[in-house]
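Peer 1: predicted model follows, preceded by the sequence.
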Amino acid sequence: MNVVAAIRTAALTKHYGSVQALDGLDLTVPVGQVFGFLGPNGAGKSTTIRLLLGLARPTAGRAWIFDTDAADVAAAHRSLAHVPADVALWPALTGAEILELLGRVGPGVDRAYRGELVDRFAVDLSKPGRAYSTGNRQKLALIAAFATRAPLLVLDEPTSGLDPLMEREFQAAVAQARERGQTVFLSSHQLAEVEAVCDQVAILRAGRLVEVASVAQLRRLHRSQVEVTFTGPPPDLSKVAGVDVVQHVGPAQLRFTLTGPPAPALRALAEAEVEAVRINEPTLEEIFLNYYTQESR
Amino acid sequence: MTAVDAVAGRGDVRYARHVGGQAVIGLAWRQVRRGALIVTAIVAGMSAMVAGTYASTVGDALDTAALVALAENPAIRTLFGDPVALDDPGGFTVWRTGMVLGVLLSVWGLLTATRVTRGEEDAGRWDLLAAGRIPVASIVARHMAVLTGTIMAAGLATAVALLAAGTAVSGAVLHGACLALIGLYFAAVGTLTAQLFATRGAATGAAVALLGAALLARMIGDGVEALGWLRWLSPFGLAALVQPYAADRILPLTVLVATTAALAAAALVVAGRRDVRSGWLAPPVERAPRLWLLGSVPGFAARRLARPLLGWAAGVGAYYLLIGLLAVSMTKFLTDNSHFTNLAAQAGFAGLGSVEGYVAALFALLAIPVGIFASARIAVTATDEANRRLTLLYAQPVTRVRLLVADVAVTAMGAVLLAVNAGVLTWVGCAVVDAPLAFDAALAGAVNVLPVALLCLGAAVLALGWAPRAVALVGALPVAAGFVLNVLADSTGAPPWVGRLSPFRHLAPVPDLPPDWRAAAAMLATAATLAVLGAIGYRRRDLRG
């Protein structure tokens, strides 16, 4: 079975002078997934997207969009739509005119769906480009991208200027895109959004890929805090797999960290007559902060 | 104790504001310095050159009768200004270069003013600046102060250059002051329109229109005696009324100072009473969609070109209509006064005695605006790329080269239309005064300059591919440097090959003589090569923004 990936990169590298913006990125984004692309500022996310779109030329390595060389823009862009991080519009064209231009030059557009998106995102299309706020410029670019029905959407921090109401519409549109079988490549800093919509997440740090996993896997890879209150004899957790840093908070209360599945720890706790147990899973934020700060030396 | 703290705090704020103001001045200077140095070098250099070579180029060729004839001819006065002191190297320099350098300084002044004020604000870069301690009016004032300083330096350099060439002190000082004030006047106009209009294009357009009106007022005022008072309304006219090296009048200079100061003050008052990113004449906030020419890449390129092209065509067309209207008067004068025909021939304008020779000489100048137009359009492409307006288009299934080809093709078409328009209007002007000029001859003469203009287009594309920050400069080089080289190579006794570098040297005076097909083909081939090299660079490099 030879499934074509929506995005594939091989040792993709970009240097700006002596600065290594991206260092040998090997990434595969399977078709049909919502793929989160995370990393601190300057990690190389936007550079990756610029290389994928052919806006910048790689120093080394290659990238493919559905098996088309990303440098072959005329062919590769027939199957993608893009929302840039900082949307700049033609100042004299109105929203309607910009949508018309992008729709007719682009890879085809579902006009009925576009009309629906305009209503949902509540954009006034009669204003000229210069009159739009950051959020409205982003909404316009999102409408243009979602309305194309291109099999791949490459979104670079598309919701940084949206209010919570519009954020909800965005997530709904992403979900609909996934239902239609579209692949979404989403670079974002909004971890709640990533958690809500992404199937898989890639984490980039200083131009290198540090992790690719589902959100659930990431959780499992990380330690949860467990607090136990008991009435029986204190349990011995010293040899239980996955348990670490055991603290005796009180005479009948324990706190420990847990990595991996909780079954062995729960078995060990069975004899202690557990009265109450609370497992705090790490938030995505904690996981990412962990990645971002770890190895920073 | 509280009082002491408060005083100390206020002192800090004042200090910070002082430092912030200096930072804004530094910012403004960084944005104008390159152009300022080039303009100063050209203005002072040209003046010194013409004054210094007066003895060898003009010398004794001008007797009193010739001067009277020159001064009495309305066509000469209209085109070049009132010749008042041609027997003096300084006076001759004022007449020969004053208009051109005044226009150069004013165009640079107004373009720079709108670029560093409205352009920066329009691009959103003033949002942060205006959020600081310094109010918008002060930011505008500081930019204007920097422009004022640089333009005054250009005037001062000109005066010093003329003094060094050995001309009279009062004349040199007055001419330097006049040039600087013309530049300042239009820098103030540009700053004012940048406060009135919410977009850089509109602000520049309005300021250029005023420049055209001022030139026209000077031309009519100089040419038609009954309307001489019109000169008092135009900075060019006021400078002419000062008559450096002749009458050395102070009153027109005072009026010029006062109107310039009034414009600058108006700009600051208006700047203080508007919102950031907005102007007094903001375009309508809502309008119905106009969907013409949005269906394809070339169509969209044409749509973006349409409005600027109309502006260029109006300006260039008006000038060539005037050239046509003056044809009879000029050629008659030149046939009657062989001195000037000889002088003009020395300066590279032969055959001025016939209508064909006269329009051929003036059509050569058409290469300059058409070339600058072509280069300016490619510079707009570079700006749109840097401002990320093109990003959404680059993300479409369209190659960069196709986007570039569309822009270049549409710009080349625009250049053809500009030239044809100038040719047709010259013919119309000639027809009005019954000057014998055939329609096809007028058209041929205008179209003949296109290879030179297309060299500019090629150079601009080359710069877009390899040095995208310098598109306007590199694109203007073939006509700007070429023109200066053509004029100066002979009078400075440079080796012959230096002069041959200028494309103007290879331009046949059509319709007076048949076109030089070989030279035209060589120029077109060079332009195409430059453009292809540029396209290669553009394809390979990273996009900006």
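Peer 2: Right, received. Where do you want to start?
Peer 1: C-alpha only now, for contacts and for neighbours.
Peer 2: OK.
Peer 1: now the most centrally placed residue in chain A, what are its backbone angles?
Peer 2: With distances taken as C-alpha atoms, centre = their mean, chain A has A:Gly36 as the residue nearest its mean C-alpha position (1.9 Å). When read as degrees, to the nearest 10, the backbone of A:Gly36 gives phi -80, psi 140.
Peer 1: leaving out sequence neighbours, find the closest residue to it.
Peer 2: A:Val201 (4.4 Å; C-alpha to C-alpha, 6 or more residues apart in numbering or on different chains).
Peer 1: counting by contacts, list what the helix or strand hosting the one you found packs against.
Peer 2: Mapping A:Val201 onto the secondary structure by DSSP states H and E places it in strand A:200-205. Counting contacts by 3 or more C-alpha pairs under 8 Å, 6 or more residues apart in numbering or on different chains; DSSP states H and E, strand A:200-205 packs against strand A:34-38, strand A:208-214.
Peer 1: tell me which of these is the most buried.
Peer 2: strand A:34-38 (a mean of 26; mean count of other C-alpha atoms under 10 Å in any protein chain shown).
Peer 1: output the below-cut-off pLDDT ranges for chain A.
Peer 2: A:1-3, A:294-297 (pLDDT under 70).
Peer 1: close to chain B: what parts of it are there?
Peer 2: Taking C-alpha under 8 Å from any C-alpha of the partner chain as the contact definition, chain A meets chain B at A:53, A:55-57, A:73-78, A:81-84, A:87-90, A:94, A:96-97, A:100-102, A:104-107, A:126-128, A:131.
Peer 1: next step: those residues restricted to helices.
Peer 2: Taking DSSP state H as the definition of helices, the residues of chain A next to chain B contribute A:73-76, A:96-97, A:100-102, A:104-105.
Peer 1: residues contacting the spatially closest residue to B:Val257 that is not a sequence neighbour?
Peer 2: The shortest distance from B:Val257 to any residue that is not its chain neighbour, by C-alpha to C-alpha, 6+ apart, is 6.9 Å, and that residue is B:Leu181. Under the criterion of C-alpha atoms under 8 Å, 6 or more residues apart in numbering or on different chains, the contact partners of B:Leu181 comprise B:152, B:235, B:256-257, B:260.
Peer 1: can you name the residue of the stretch 151-297 of chain A nearest to chain B?
Peer 2: Across the stretch 151-297 of chain A, no residue is closer to chain B than A:Val154, which sits at 9.9 Å (C-alpha to the nearest C-alpha).
Peer 1: how about B:Pro397, secondary structure?
Peer 2: Secondary structure state of B:Pro397, per DSSP: H, G, I helix; E, B strand; the rest coil, is coil.
Peer 1: for it, give me the pLDDT.
Peer 2: pLDDT, B:Pro397: 95.
Peer 1: tell me which helix or strand the residue nearest the centre of chain B sits in.
Peer 2: Central residue check for chain B by C-alpha atoms, centre = their mean: the C-alpha nearest the mean position is that of B:Val107, 4.3 Å away. Using DSSP H and E, B:Val107 sits in helix B:89-114.
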